[in-house]
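Visitor: Got a sequence here, can you model it:
(3 chains)
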Amino acid sequence: MAKVRGAIVVDVERCKGCELCIGSCPTDVLRMAVDVNGKGYHYAYMENPEACTGCVNCATVCPDTVITVYRIKVVD
Amino acid sequence: MAEIKLEDIIKPENLVFQKTKLFTDKPLSYCPGCGHGVVHRLILEAIEELGIESETIGVAPVGCSVLAYEFMNIDIAQAPHGRAPALATGIKRVYPEKFVFTYQGDGDLAAIGTAETIHACNRGENISIFFINNGIYGMTGGQMAPTTLPGMASSTSPYGRDVASMGHPLKMTELVANLPGTRFVARHAVHTPALVRKAKKAILKAFENQKENKGLSFIEIVSNCNSGWKMTPVKSNQWLTENMLEYYKLGTLKDE
Amino acid sequence: MGELRLMKGNEAIAEGFIRAGVDAYYGYPITPQSEVMEYLMAEKPEERTGMVVLQAESELAAINMVYGAACTGKKIVTSSSSPGISLMQESFSYIAGSEVPAVVLNVVRGGPGLGDIQPAQSDYFQSTKGGGHGDYRQIVLAPSSVQEMYDFVNLAFDLAFKYRIMVLILSDGAIGQMMEKVMLDEQKPRLTNQEIKDRFDSWALTGRTPGREHNIITSLDLDQENLERHNFHLQKKYKEIEENEVILEEVSLEDAEYVFMAYGTSARICHKALQIARKEGIKVGLLRPITLWPFPEKKVKELASKVKGFLSVEMSAGQMIEDIRLAVEGKTKVAHFGRYGGVIHSPEEVVAALKSKIIGG
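Guide: Modelled structure (predicted):
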């Protein structure tokens, strides 16, 4: 059975910490970092990376297009 | 099953989404969570997918998106407040083969620019109008707009919009859908992934209509203004769903 | 080869727009200049040259159509009369700030407010000082015949593109409505899109050419230091125009002891007044500024140390006289003789005014 695994890369310095990506994720991958970026914003990161399917939802709602998405097919 | 490392996934060949190269390098000037950024992206993605970046001329408004020209790597003019449809008309008439669009907020399009909007629509100019409605004047600090909902508080309607003295919210999209000059009129939103994908299709179609000389496409995007509404971005999107969409119903009003 | 015709000023300038290879006219009807668009519509310039003519929903829309189209490097024009020109002022300021070439015709009528539809010169301040906001200038050409209405189209576009500036042709209801013979020249071809790209790709919105940065037309710069630099640049350009582009007509100034200073219709009246006065032995000449901005300051200065007085003859309550006074710097007498609200002076009145206000005053 084939399934997919995804991963995102967040452009940390351009993230404004709006948190809209978190609610858009169907597999509860994302959280806001305790750390802040150079502008003082908490930024999004993958707290549960193994749950990411690369569905692109987070990047789709991100107003600043700071998320790049990758995906691979995994064969059991 | 061998454990898959992130480095195995994050490789160029596995890329499924990246920022369109039609964005300039400048960071967007919008507040965190503002829908403007999403709409900018959808417009630029549509232009990139159609391969028309060297054939497109945009017109930016006065309002929060006055600096849209800083972020969109296409030839673009900045219009006096409300006059973007007139500039677009002027451009399109001398360059009928170019793709011409306006990007306007609700203060720009539905208040000071009502006449230019209606007449460009009525003439059926072969352009695309993208209308971002967040029910408020964002740039000047959250004043009442023609689109502000009944009872909604703003800095110039601090006790809520009283329709008896301040008038009713103006539904520009319904209004222009009634004009014979418009071909494609739709209202969308961009606060969920599914809605963003739908909005993208409409924006693509608006440009394709120009190619086919079909006449005016008018796409309203109901959006948030978390600074003006004084809410977090997440809350503002909830509020939008519960209040704005009740009054400004999503869907295609006209597609001929 | 030329072609001689009897035409109204408004028609001659409309024909001039077509023959100059103008790409588009956007306008809105208002008396006394509606013949401009009527003539254009009747002539079907889209068939003659491919020129676009569009009736806008207001002067606001018309000037902003001009602004948009002018951003693309094409030759764009509009026309109106005083109240309509007032409406356009915001966009004149934008056009100046963003340095877009454009040409506007004002066939002036009496004011203030809705005023009347008779010829006047009461828009001099608005035209030469800037009726919009900010530190800006526009070149102002003042035709005084139907021939000049026609001829100044090419002159206006040459200047507009040379300096990337708005050129205002400041006419009035008399010159717009009167019929005179006019010599028309040959049709100039409109530039092709490729020619426009070749010439103006450094700034014009022609669609981002692969390999170049995107072109932006804006008058906004939120950084005050940058905006000051931009203003320095504009002022430098205006200075250059003041030094190089003054156009004037001199009549009998060689031995003149007195000077009529007048433009447009009032200059025509002064031609006759000059003849009457000369017959009476009064040595008077006429200095007619053709560019109202740049104002012929040097010429006025030069005359100020030689003559006994200037009479500023204007169909206004006294507007150009302020520029004359500034140039004269108190060296000689300066007086104003005006008729207002659409009334034109008679030559006899002008001579009487010269006698009472300058010679005997």
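Visitor: what's the average pLDDT for stretch C:207-222?
Guide: Stretch C:207-222 shows a mean pLDDT of 95.
Visitor: Would you work out how far apart the start and end of that stretch are?
Guide: Criterion C-alpha to C-alpha, to the nearest Å; first-to-last residue distance in stretch C:207-222 is 25 Å.
Visitor: Contact distance from chain B - what residues of chain A qualify?
Guide: A:5-7, A:9, A:14, A:16-20, A:23-24, A:41, A:49, A:54-57, A:59-65, A:67-72, A:74, A:76 (C-beta under 8 Å from any C-beta of the partner chain). Glycine gets a C-beta too; all of them are placed from N, C-alpha and C.
Visitor: Can you pull out the low-pLDDT segments for chain A?
Guide: Where chain A drops to pLDDT under 70, the residues are A:1-2, A:76.
Visitor: Could I have the buried ones of the residues of chain A next to chain B as ChimeraX selection syntax?
Guide: Restricted to buried positions by 16 or more other C-beta atoms under 10 Å in any protein chain shown, the ChimeraX selection for these reads:
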select /A:5,6,7,9,14,16,17,18,19,20,23,24,41,49,54,55,56,57,59,60,61,62,63,64,65,67,68,69,70,71,72
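Visitor: Tell me which strands the helix or strand hosting residue B:217 pairs with, and in which orientation.
Guide: Assigned by DSSP states H and E, residue B:217 belongs to strand B:216-222. Strands that pair with strand B:216-222, judged by DSSP bridges, come out as strand B:128-133 (parallel), strand B:182-189 (parallel).
Visitor: now for those, which one comes closest to residue C:259?
Guide: strand B:128-133 (55.9 Å; C-beta to C-beta).
Visitor: which element follows that closest one toward the C-terminus?
Guide: Next element after strand B:128-133 (DSSP H and E): strand B:136-137.
Visitor: Against which helices or strands is that next one packed?
Guide: strand B:143-144, helix B:226-229 (3 or more C-beta pairs under 8 Å, 6 or more residues apart in numbering or on different chains; DSSP states H and E).
Visitor: The first one: partners in the sheet, and parallel or antiparallel?
Guide: Translated: strand B:143-144. strand B:136-137 (antiparallel).
Visitor: Contacts for the strand it pairs with next, please.
Guide: B:63, B:106-107, B:142-145, B:147-148, B:154, B:225, B:228-229 (C-beta atoms under 8 Å, 6 or more residues apart in numbering or on different chains).
Visitor: For it, what is the distance to the chain centroid?
Guide: Chain-centre distance of strand B:136-137: 14 Å, with C-alpha atoms, centre = their mean, to the nearest Å.
Visitor: which parts of the stretch 101-250 of chain B sit against chain A?
Guide: So far as C-beta under 8 Å from any C-beta goes, the stretch 101-250 of chain B lies against chain A at B:190-193, B:196-197, B:232-234, B:237.
Visitor: State the pair within these that is farthest apart.
Guide: B:197 and B:232 (24.2 Å).
Visitor: How many residues are close by residue 48?
Guide: This is for chain A. Other residues near residue A:48 number 12, with proximity taken as other C-beta atoms under 10 Å in any protein chain shown.
Visitor: please go with chain C instead
Guide: Neighbour tally, residue C:48, other C-beta under 10 Å: 11.
Visitor: Same check on residue C:189?
Guide: Neighbours of residue C:189 using other C-beta under 10 Å come to 10.
Visitor: Likewise for residue C:198?
Guide: 10.
Visitor: part of a strand, is it?
Guide: No. Applying DSSP: H, G, I helix; E, B strand; the rest coil, one finds residue C:198 to be helix, outside a strand.
Visitor: Quickly note the distance from it to residue B:232.
Guide: Distance, residue C:198 to residue B:232, using C-beta to C-beta, to the nearest Å: 52 Å.
Visitor: Go ahead and list the helix or strand containing the closest residue to residue C:73 other than its chain neighbours.
Guide: Closest residue to residue C:73 apart from its sequence neighbours, by C-beta to C-beta, 6 or more residues apart in numbering or on different chains: residue C:204 at 3.2 Å. Under DSSP H and E, no helix or strand contains residue C:204.
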